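K.L.:
Have a look; sequence and predicted model below, questions after that.
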There are 2 protein chains.
Amino acid sequence: MSSAPDTSPPHLAALLGQNAALIDSPALVVDLDAMDRNLQRMADYAKTRGVQLRPHAKMHKSAALGLRQMQAGAVGLCVQKTSEAEALAAGGVNDIYISNEVIALPKLQRVAALARRLKSRGGRLAIAVDHLQGVAALAQALGGGENLIDVFVELDVGQKRCGVAEPADVLPLAQAISRQASLRLAGLQAYNGRAQHLRTVAERRAALDEVIARVRETRRIVEAAGLKLPLVTGSGSGTFGLEASSGVFGELQAGSYLFMDADYARNEADPAQPAFEHALFVKTQVMSVSKSHVVVDAGHKSHAIESGLPHVHGEALEATGCNDEHTTLRATTSAPLPALGSTLWLIPGHCDPTVNLHDWMIGVRGGLQAGSVAELIRVDARGCVD
Amino acid sequence: MSSAPDTSPPHLAALLGQNAALIDSPALVVDLDAMDRNLQRMADYAKTRGVQLRPHAKMHKSAALGLRQMQAGAVGLCVQKTSEAEALAAGGVNDIYISNEVIALPKLQRVAALARRLKSRGGRLAIAVDHLQGVAALAQALGGGENLIDVFVELDVGQKRCGVAEPADVLPLAQAISRQASLRLAGLQAYNGRAQHLRTVAERRAALDEVIARVRETRRIVEAAGLKLPLVTGSGSGTFGLEASSGVFGELQAGSYLFMDADYARNEADPAQPAFEHALFVKTQVMSVSKSHVVVDAGHKSHAIESGLPHVHGEALEATGCNDEHTTLRATTSAPLPALGSTLWLIPGHCDPTVNLHDWMIGVRGGLQAGSVAELIRVDARGCVD
């Protein structure tokens, strides 16, 4: 029934320099040429609009890609989790914002240790709070010291998730932060994730009008009490043009722009925002054929479907079903279905959780079909949920 | 912007012997006492009904848990992917069935190597086919030899996914397999995944009536041509009692029974099947509170939601939204919402893709609240999609 474990080496889906056509499937493949264009386009846009860019690294979870975004002008990276921050710091990223609340004291002790470590390396850690208890616990974990961490107060700006409910609720938190020598009151976290995926430009503008009004009201209240919120940070790949032109947001947190996904492709394009290309694909193979449909060898353990089924890149095929290791495709025209063994490229429904399924991304240059493997990108923070 | 990577050790969510209350969140936690009861209950059931049990290890992806199922009487394990088979073989499992088609020649060469390796260890590899091209490629990859691998012909029994469309289509495949000395015609793969999740017993019985009729018809055709299909294999945790009493199925592939999930809990219970307990939980903490809802620190990067949102174990709370790292909960009664920092236990919507998000499962004995960490279970085949 059992024997000693064998020691066969793990399978590698691709080798550097290999023709892209030889990448085994399923595999998560990045079109590095498209990614570079996306990266530069957003960096240029932020620079032109005079706002900081701090891309959300919960999307790619890769120190190498984050450092590339910073080399192009980003001031640092956002993450959602303490362990993500630790993984990116271990990969050499020194300016990190945990744009989320942390409550457990053991985890706040890790936050405190990381804040000191980054500061000693000339960098900086930041975090969000939305409760006085969170401020007190953070200060307790830091245990003294001066100006060790930047703290943003999170305001709910329409998502009904985290953040204090009303602009007036920000003030007592800002006051509590400013009373702690170890904390620096860095500003306001104001992100509406739901607004990113409203389909029409008009809906997104209406949602952002409310966001911006709440931010202005918050600033007015806090400044009237003699405090400052130096920076307002937020926004995502669906609305960043609206935050950038708001006059109140100083920092953009968009992340998906680097890869894009099928869900963002369902948004009506905003002509006021630069457009981005799909750069993230799941290479897959037709493993079963029938008269009515074909089945490919990548299911939702290869590409996340919680925001919808994937698109099939450049083919008259649509996904009609998905299980752990299978996606079923049907023709959208009268053209014949692809043959058994055919290669297809899926554009995942949602890039963030798709990347999190994989330990490596295979970077290709020169095109998905004719190019070659130029880089193996480690997903440093894969599985870092705590 | 960057510096040399630091060398901090990775964070461990739990240590052996630790009080379960100290497990950091989010974490994937197995109630080992409940799991053991599920394991034994299914083993006893299969034995009593005189059918083989070959649990699907795509669910737990763990060699240690698979070996425990085999110690209790399972004849081996199923997997869906070549790399899953490799990972379990590396962990000491010697009898593995890839209940799925493999088409790419490089991957079939890995299948062939694994078949020889397992045979040399006194074990066995099996695989499914649904196309003559698959049979030919498999034989080509094996490159000669005798009786190296068991081959099941897959018949579509209502899921409209893989498998040949009609009972009569099985015969040419069975004939092709029996002409190859390296292949052994092992039987018929007949699994209807969709039927597992039909909500009423009546719907599941109707679906299985069709499955069983198609299997009988297939056997009749193949036997009339002078061949035998020694074993019919299939079934899942929603219908296994129907296959077990069919008189034609000789092997059950159920996997979810070991942990169960919120989706299976939505099925009307079949009194003809033993019942199983929830044994898989995501430990989570309330990280943000408001008048209308609370937010916990585990989102769909911690628990898969493609089959529905999680249940909150033992609380009058329901999940109303979920993002990458957040799940929003609202009260189902007029009882007060839990306080900031409270521990809650989520029952994931779907166990298989939830386990695949984690590198480790934390095994607890003595109860989720009062017990202690008895075992750290490695998810050996995590991310093995190729």
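P.N.:
Structure's in. What do you need? None of the values given here were measured: they were computed from a predicted structure.
K.L.:
all contacts plus neighbour counts: C-alpha atoms, from now on.
P.N.:
Fine.
K.L.:
What helix or strand is the residue nearest the centre of chain A located in?
P.N.:
Geometric centre of chain A, nearest residue: A:Met59, 2.7 Å, by CA atoms, centre = their mean. Using DSSP states H and E, A:Met59 is not contained in any helix or strand.
K.L.:
how about the residues of the stretch 201-350 of chain A that lie near chain B?
P.N.:
A:287-290, A:294-295, A:298, A:300-302, A:305-306, A:324-325, A:328, A:340-341 (CA under 8 Å from any CA of the partner chain).
K.L.:
try 7 Å this time
P.N.:
A:287-288, A:295, A:301-302, A:305-306, A:324, A:328, A:341 (CA under 7 Å from any CA of the partner chain).
K.L.:
ranges for the strands of the stretch 51-200 of chain A?
P.N.:
A:52-53, A:77-79, A:95-98, A:124-129, A:149-154, A:183-189 (DSSP state E, counting those that start in this stretch).
K.L.:
pLDDT wise, what is A:Ala265 at?
P.N.:
The confidence metric pLDDT takes the value 93 at A:Ala265.
K.L.:
Quick one: neighbours of it, just the number.
P.N.:
Neighbour count of A:Ala265, defined by other CA atoms under 10 Å in any protein chain shown: 18.
K.L.:
Reformat the residues of the stretch 201-350 of chain A next to chain B as CSV; add secondary structure.
P.N.:
Formatted as CSV, those follow (DSSP: H, G, I helix; E, B strand; the rest coil):
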residue, secondary structure
A:Met287, strand
A:Ser288, strand
A:Val295, strand
A:Lys301, coil
A:Ser302, coil
A:Ile305, coil
A:Glu306, coil
A:Asp324, coil
A:Thr328, strand
A:Gly341, coil
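K.L.:
circling back to that earlier point, what are the phi and psi values for the nearest residue to the residue nearest to the centre of chain A once chain neighbours are set aside?
P.N.:
In this structure, A:Met59 finds its nearest non-sequential neighbour in A:Asp352, 4.2 Å apart by CA to CA, 6 or more residues apart in numbering or on different chains. The phi/psi pair for A:Asp352 (degrees, to the nearest 10) reads phi -60, psi -60.
K.L.:
dump the residue contacts of A:Asp352.
P.N.:
A:58-60 (CA atoms under 7 Å, 6 or more residues apart in numbering or on different chains).
K.L.:
distance of it from A:Ala381?
P.N.:
12 Å (CA to CA, to the nearest Å).
K.L.:
How far off centre is the helix or strand bottoming out on mean pLDDT in chain A?
P.N.:
When each helix and strand of chain A is scored by mean pLDDT, DSSP states H and E, helix A:262-265 comes last, with a mean of 93. Its chain's C-alpha centre and that of helix A:262-265 lie 14 Å apart, by CA atoms, centre = their mean, to the nearest Å.
K.L.:
now stretch A:43-55
P.N.:
On CA atoms, centre = their mean, the centre of stretch A:43-55 falls 17 Å from the chain's centre.
K.L.:
If you average the pLDDT over that stretch, what comes out?
P.N.:
Rounded mean pLDDT across stretch A:43-55 is 98.
K.L.:
With stretch A:240-251 instead?
P.N.:
Here the average pLDDT along stretch A:240-251 is 97.
K.L.:
So what touches stretch A:222-236?
P.N.:
Contacts of stretch A:222-236 (CA under 7 Å, 6+ apart): A:171, A:185-191, A:196, A:219, A:243, A:248-255.
K.L.:
Only C-alpha atoms, please: export that stretch in CSV.
P.N.:
What follows is stretch A:222-236, C-alpha atoms only, in CSV (Å, rounded to 0.1, in the frame of the first residue of the first chain):
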residue,chain,number,x,y,z
VAL,A,222,-10.7,66.6,10.4
GLU,A,223,-9.1,69.9,9.4
ALA,A,224,-11.7,71.9,11.3
ALA,A,225,-10.5,70.0,14.4
GLY,A,226,-6.9,71.1,13.7
LEU,A,227,-5.6,67.8,12.2
LYS,A,228,-4.4,67.0,8.7
LEU,A,229,-5.0,64.0,6.5
PRO,A,230,-1.9,64.4,4.4
LEU,A,231,-2.8,61.8,1.7
VAL,A,232,-6.0,60.3,0.4
THR,A,233,-5.4,56.9,-1.1
GLY,A,234,-7.6,54.4,-3.0
SER,A,235,-9.0,53.6,-6.5
GLY,A,236,-8.7,50.6,-8.7
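K.L.:
In that stretch, which residues are buried?
P.N.:
A:222, A:227-229, A:231-236 (16 or more other CA atoms under 10 Å in any protein chain shown).
K.L.:
residue contacts, the closest residue to A:Thr328 other than its chain neighbours?
P.N.:
If you skip the residues right next to it in sequence, A:Thr328 has A:Val295 as its closest partner in space, 4.5 Å away by CA to CA, 6+ apart. Listed by CA under 7 Å, 6+ apart, the contact partners of A:Val295 are A:286-289, A:326-329, B:161-162.
K.L.:
Against B:Tyr191, how distant is A:Val295?
P.N.:
16 Å.
K.L.:
What segments of chain A are helices?
P.N.:
Counting by DSSP state H, chain A has helices at residues A:32-49, A:63-71, A:82-90, A:105-120, A:132-142, A:170-178, A:201-224, A:240-244, A:262-265, A:351-355.
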